[in-house]
Each structure stands twice: as structure tokens, then as C-alpha cells.
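Undergrad: Here's a sequence, model it:
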Amino acid sequence: MKFKYLAAVALIALAPTAQAQDAQKAQAMVTAWQDWATARAIPATSIAVGYRGQIIASAGHGRSPSEPYALASLSKAITATCLLQVLRENGITVDQTLGDIAQHFAREGITIPPDVSEIPLNALFTMSSGLSPDTTQGTFLFHRNKETPNNSRFARYAVAPNARTGTFGDYYYNNGNYALLGSLLDALTQTDNVTACRDRVFPPQNRSSVGFNPEWVRFAAFGGWEASAEDYLGFVMQNFGADTQIAKTPTAFPNLPLTHKISYGLGTFFSHKRGRSTFWHTGAICNFGFADNGSYFAQYANGYAVVVNYDICGATKNWRPLDEALYDAAHQNE
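TA: Numbering: from 1, shown residues only. Have a look, this model is predicted:
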């Protein structure tokens, strides 16, 4: 079946309790996704739309919205929200430095060098640690289809002498930051990230598809999870929904202003004004057309939320038009 027939085969499941306006916006968001995907002839993609904690629409072409899919960098928000809970349970604050808790990293075979020891955990959450370059880039296929997660491997790369060339306080997106956070999770919970985090941050009804992605499991904390569009949407709404504490006071959590409008924190970008927040992020595994994956989420300040996954590289040129179309659909008539 050719992709142009997507609109005919997409399954749209509106919740019975959805109000007319909710249903109208949900349909507009699904239509925006359809138009975006059709224009790019994407072989498989799915979407889930929510409002105020409830999934109100879902659709798929070539893949059900309840089918697990590689989250890539959408894994980082899971790691961040989960680790915050685990840190509280262990009496550790985000202001403590890597040197303060070096004994925990040592349990994972990671030695914290002196010139890294003063980096606070907060800087790892916000990609402002000065750890650079990102040694995970350009090696995706080499790490494909491995059997186990390996946060510690990438964490050791991140603190190696040749990977500490950045400036502390400057934003630099480096997967190694989240490999270190994932290693700390491993150390503090003495189990893997999925076992430690799935029940902590996913709603009970949105856990069935959640786990490590077998293709990219090695990337664990920074890119190794999988979940269906519907289940990841449940995570988004529970942790970043308009009525959550993170949405109401995002600057009370690890965050770094990037511009006067946009900040980065907890594995997401966000904007916050007049007590309301919008969060968004993308995931991209790009291998020159081979085993490419893309994922996207947005939680809007007006209560609507959306998750999309798609079988193309999640490069900016691909996700930005989707981002703009979904935003417009979610805010029509406002």
C-alpha cells in the first residue's frame, strides 16, 4: 500500500470523554502529522496525542502506536526524572560534585579524575559540564545489536583526558553527560536503568512496551530505551504535564538558560513564562539511511501533549517542520 493512503489506514482512537474542542485539536494534530509524513514518504510512523493526562488520540502507519520503538535521546528525560528520585532516596543533592560521590562511580569501574571532580551533578543534567567532545558520535553502527547496556563504557570515555576540552558552564550537547548519570543510577540502585526507572516514572497503564531497545541497548541512559508512542506519552504527561511541579517551577530543577526564551534541563528543552511551561525534545539515530530512527515529543503549556516516532533520521530538517505543524494544530483558535 502506498504511503499516500495513510489517511485511510490510520487508526484514530478518541477517548469517549474527550470534549469537542479536544477532539478537534487532536484531529488537527493527527492531520498535521499525516501531511508531514506523507510528504516525506516515511515507511512507518506512529503518533499519540494527549490532553491533561489522558490519551485522546493515536494513529499509525506501518506501525501501531502501541508498538515499542527506539526512543534515542528521548531516553534522557527518563534518566533525568528517575535519577532525581533516586538521589533524593539516597540523600544526594544535584549541587554535590562528582568528587563528592566518586565512591559510587568507582562501583561501576569509573575513576573521577581531579580536573573533573569539581563538576556538580547539576552540570551533567544541563549539558554544561565542559566535557567535550562527544565521544559517542560517529560510532552508532559499531555499537548496534549488542547484548547489554553499557553506561560505564561511555562514562569512562567522557572523563578521559582527551574528552575534557570544553568550558564549564557552556552548553554543549554531549551524550557522555547522561552516560555518567546512568552509571550513577546503576551504582545507586545496583540494577539496570530499566529495572530501576520504569516503575518510578511511567504510569502503571503505560509500562507494557517499555524497556531497552535491543538494537541500541548499549546506549542505555542516553539513547537505549524503547516505548510505544502511547506509553511514552504517558511518561511525558505524568512528569512534564501542565499540572506537574516540574512544569510549574522548572527552574527549581536542574536547568540552564540558553536564550531569553529557551532553557535546557532534565533531558528536555523548555520555555517558561507566566507560570506555564512547554517542553520538547527529539531523538535521532542517523546512519546514512541504514537503521535510522527518529522520535519527538512536546508537552505544551495549554495541556496538550504529543509523541511521534518515525523511520527516518531525526535530523533538524526532518523534525522541525513536524514541530511547527503540531504546535500550530495544538494552539489553533487560541
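Undergrad: quick one: Ala305 from Ser277, how far?
TA: 12 Å (CB to CB, to the nearest Å). The way it works is simple: take the backbone N, C-alpha and C, and place the C-beta from them, glycine included.
Undergrad: okay, and the common contacts of the two?
TA: When contacts are counted by CB atoms under 8 Å, 6 or more residues apart in numbering, Ala305 and Ser277 are jointly contacted by Phe240, Gln299.
Undergrad: Which one's more surrounded, the two?
TA: Ala305 (30 against 24; other CB atoms under 10 Å).
Undergrad: does the more buried one sit in a helix, a strand or a coil?
TA: The three-state label given to Ala305 by DSSP: H, G, I helix; E, B strand; the rest coil is strand.
Undergrad: and it, what does it touch?
TA: Val49, Gly50, Tyr51, Leu233, Val236, Met237, Phe240, Gly241, Phe297, Ala298, Gln299.
Undergrad: Does it have any beta-bridge partners, and if so which?
TA: Gly50, Gln299 (DSSP bridges).
Undergrad: again with the one 4 residues further on
TA: Here Asn309 shows beta-bridge partners Ser46, Ser295, assigned using DSSP bridges.
Undergrad: Give the burial count for it, as a bare number.
TA: Using other CB under 10 Å, Asn309 has 31 neighbouring residues.
Undergrad: what's near enough to touch it?
TA: Thr45, Ser46, Arg63, Tyr69, Ala70, Leu71, Ala229, Asn293, Gly294, Ser295, Tyr296.
Undergrad: Could you export these to a markdown table, including columns for pLDDT, distance to Glu89 and neighbour count?
TA: Compiled in a markdown table, the contacts of Asn309 are given as follows (pLDDT from 0 to 100; distance: CB to CB, whole Å; neighbours: other CB atoms under 10 Å):
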| residue | pLDDT | distance to Glu89 | neighbour count |
| --- | --- | --- | --- |
| Thr45 | 97 | 38 | 29 |
| Ser46 | 98 | 34 | 26 |
| Arg63 | 96 | 36 | 18 |
| Tyr69 | 98 | 30 | 29 |
| Ala70 | 97 | 29 | 27 |
| Leu71 | 98 | 24 | 29 |
| Ala229 | 98 | 30 | 30 |
| Asn293 | 94 | 32 | 25 |
| Gly294 | 97 | 34 | 25 |
| Ser295 | 98 | 29 | 27 |
| Tyr296 | 98 | 31 | 26 |
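Undergrad: What is the nearest of the residues you listed to Thr259?
TA: Distance to Thr259 across the contacts of Asn309 (CB to CB) is lowest for Tyr296, with 20.5 Å.
Undergrad: Now do the SS call for Ser277.
TA: For Ser277, the assignment made with three-state DSSP gives strand.
Undergrad: From what I see, it and Thr251 are in contact.
TA: No: assessed by CB atoms under 8 Å, Ser277 is found out of contact with Thr251, at 9.6 Å.
Undergrad: which phi and psi does the residue nearest to the spatial centre of the chain have?
TA: The centroid of the chain falls nearest to Leu74 when counting by CA atoms, centre = their mean (1.8 Å). Dihedral pair for Leu74: phi -70, psi -10, per degrees, to the nearest 10.
Undergrad: for Gln205, same thing?
TA: Here is the backbone geometry of Gln205 (degrees, to the nearest 10): phi -80, psi 0.
Undergrad: Please give the element, helix or strand, for the residue nearest to it when sequence neighbours are not counted.
TA: Sequence neighbours aside, Gly234 is the residue nearest to Gln205 in space, at 6.7 Å (criterion: CB to CB, 6 or more residues apart in numbering). For Gly234, the host element (DSSP states H and E) is helix 229-240.
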